[in-house]
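Asks: any chance you can model this:
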Amino acid sequence: MTFRIERSARQGSTVFILSGRMKAEQVAELKELFDTDYQSIILDLQEMRLADRYAVKFLRSCERDGIKLENCPAYAPRVDGQRRRLREPRRDAAAAQV
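Replies: Got it, this is the predicted structure:
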């Protein structure tokens, strides 16, 4: 399954429709397409099927930076609470001593 990026415009925003499997290599490709105004970018993830760990971290950082995520699959983190956010494993002091 290949990764594909389609670009369109919607009411003053740039929409990137992502489809397929996203890996670390595609993150750099996608970043090159971004304008400096992150508030006007929307990432539509409806057709995205898989993402590696690096891609998920990238999507998390995009939303924190003001990029809007639409149609998020269950594995994609949501900062605004619409989807349960993926978290790093919790490391308790007691668990570290075991």
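
Asks: for Ala28, grab the count of nearby residues.
Replies: A count of nearby residues for Ala28, using other C-beta atoms under 10 Å, gives 9. Backbone N, C-alpha and C define where each C-beta goes, glycine included.

Asks: what separation is there between it and Phe3?
Replies: For Ala28, the distance to Phe3 equals 12 Å [C-beta to C-beta, to the nearest Å].

Asks: swap in Cys72?
Replies: With C-beta to C-beta as the criterion, Cys72 and Phe3 are 17 Å apart.

Asks: what's the first helix or strand after whichever strand or helix holds Ile5?
Replies: Element membership of Ile5 [criterion: DSSP states H and E] is strand 4-10. Following strand 4-10 in sequence order, the next helix or strand is strand 13-22 (DSSP H and E).

Asks: report all helices and strands that the next helix or strand after that next one contacts.
Replies: Per DSSP H and E, strand 13-22 leads on to helix 24-33 as the next helix or strand towards the C-terminus. For helix 24-33, the packing partners by 3 or more C-beta pairs under 8 Å, 6 or more residues apart in numbering; DSSP states H and E come out as strand 4-10, strand 13-22, helix 53-64.

Asks: okay, helix 24-33 in PDB with CA atoms only?
Replies: Output of helix 24-33 as PDB, limited to C-alpha atoms (Å, rounded to 0.1, in the frame of the first residue of the first chain):
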ATOM      1  CA  ALA A  24       8.900   8.300   8.600                       C
ATOM      2  CA  GLU A  25      10.000   8.900   5.000                       C
ATOM      3  CA  GLN A  26       6.600  10.500   4.100                       C
ATOM      4  CA  VAL A  27       6.700  12.900   7.100                       C
ATOM      5  CA  ALA A  28       9.600  14.900   5.500                       C
ATOM      6  CA  GLU A  29       7.700  14.900   2.200                       C
ATOM      7  CA  LEU A  30       4.600  16.200   3.800                       C
ATOM      8  CA  LYS A  31       6.400  18.900   5.800                       C
ATOM      9  CA  GLU A  32       7.800  20.300   2.600                       C
ATOM     10  CA  LEU A  33       4.300  21.100   1.400                       C
END
